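[1] Just need the structure, nothing else, for what follows:
(chains A and B)
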Amino acid sequence: DAKTTQPTSMDCAEGRAANLPCNHSTISGNEYVYWYRQIHSQGPQYIIHGLKNNETNEMASLIITEDRKSSTLILPHATLRDTAVYYCIVASGDGSYQLTFGKGTKLSVIP
Amino acid sequence: NAGVTQTPKFQVLKTGQSMTLQCAQDMNHEYMSWYRQDPGMGLRLIHYSVGAGITDQGEVPNGYNVSRSTTEDFPLRLLSAAPSQTSVYFCASRDSLEETQYFGPGTRLLVL
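    The predicted structure is shown next:
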């Protein structure tokens, strides 16, 4: 699986959009980008995933660059409950059985 | 649905003791897995199973055994606990037709 690079930490004001970047320059053609988050040592929670098109669901939007070497997770209106560690993971459709977690980005939403 | 459940929530062991961490899911998912998370680190895959009777090793399998006799249950066994196995253990499951993995609440293990 391709490796990912994320900033260690980020701050975001409550109510503003949180934009979390991820670099995955060695991603292969059949590999997806997944985002999970972990709130205060709870089990990780799935957020969104995509292959090459931008994706949106009720939680977030995922923007993948045209060359697929990087992506951005967008939380449109961050709340205090969004404070968590966010993990960007790259895995193939079959390999998504085996997720490789890095250290992620610690997002702190500030009142 | 209860989702993915794990027991116990917290356990203290002495070095050399054995124990089994329980994991169950009620979503009829074929795929189940075990991860460990050490302080300040991401999760690392220990073992996984793609269906009843089928298991395989992940990134850090040493010191752990698994079996999958039913679709619902995937226990993780520590045969002889070591302080290096102090960690938080997460179980996860996934349907073969979906992309989402569902994680349990975790078991916090302290080995003295």
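[2] Tell me what the residue positioned nearest the centre of chain B is bridged to.
    Within chain B, one residue has its C-alpha closest to the average C-alpha position: by CA atoms, centre = their mean, that is residue B:34, at 3.2 Å. Residue B:34 forms beta bridges with residue B:47, residue B:91, as assigned by DSSP bridges.
[3] Which residues of chain A lie near chain B?
    A:32, A:34, A:36, A:41-46, A:49, A:87, A:93, A:96-104 (CB under 8 Å from any CB of the partner chain). To be clear about C-beta, it is placed using only N, CA and C from the backbone, and glycine gets the same treatment.
[4] Going through the residues you listed, which ones are buried?
    Among the residues of chain A next to chain B, those classed as buried by neighbour count (16 or more other CB atoms under 10 Å in any protein chain shown) are A:32, A:34, A:36, A:43-46, A:49, A:87, A:96-102, A:104.
[5] In strands only, show me these.
    Among these, DSSP state E puts A:32, A:34, A:36, A:45, A:46, A:49, A:87 in strands.
[6] So the closest residue to residue A:56 other than its chain neighbours: helix, strand or coil?
    Ranked by CB to CB, 6 or more residues apart in numbering or on different chains and with sequence neighbours excluded, the top spatial neighbour of residue A:56 is residue A:62, at 7.5 Å. Following DSSP: H, G, I helix; E, B strand; the rest coil, residue A:62 is assigned to strand.
[7] close enough to count as contact, the residue nearest to the centre of chain B and residue B:6?
    No - using CB atoms under 8 Å, residue B:34 and residue B:6 do not qualify as a contacting pair, with a distance of 9.8 Å.
[8] Need the overlap of contacts for these two.
    Contact criterion CB atoms under 8 Å, 6 or more residues apart in numbering or on different chains; residues bridging residue B:34 and residue B:6 by contacting each: B:21, B:23, B:89, B:90, B:91.
[9] The residue nearest to the centre of chain B: what's it in contact with?
    With contact set as CB under 8 Å, 6+ apart, residue B:34 has these partners: B:21, B:23, B:45-48, B:58, B:64, B:66, B:74, B:76, B:89-92.
[10] Now name the helix or strand holding residue B:22.
    Taking DSSP states H and E as the definition, one finds residue B:22 inside strand B:19-25.
[11] What is that strand packed up against?
    Packed against strand B:19-25, as judged by 3 or more CB pairs under 8 Å, 6 or more residues apart in numbering or on different chains; DSSP states H and E, are the following elements: strand B:4-7, strand B:10-13, strand B:31-37, strand B:76-78, strand B:87-94.
[12] ok, 7 Å please
    Helices and strands in packing contact with strand B:19-25 are listed as strand B:4-7, strand B:76-78, strand B:87-94; criterion 3 or more CB pairs under 7 Å, 6 or more residues apart in numbering or on different chains; DSSP states H and E.
[13] quick one: residue A:107 from residue B:92, how far?
    Applying CB to CB, to the nearest Å, the value for residue A:107 to residue B:92 is 22 Å.
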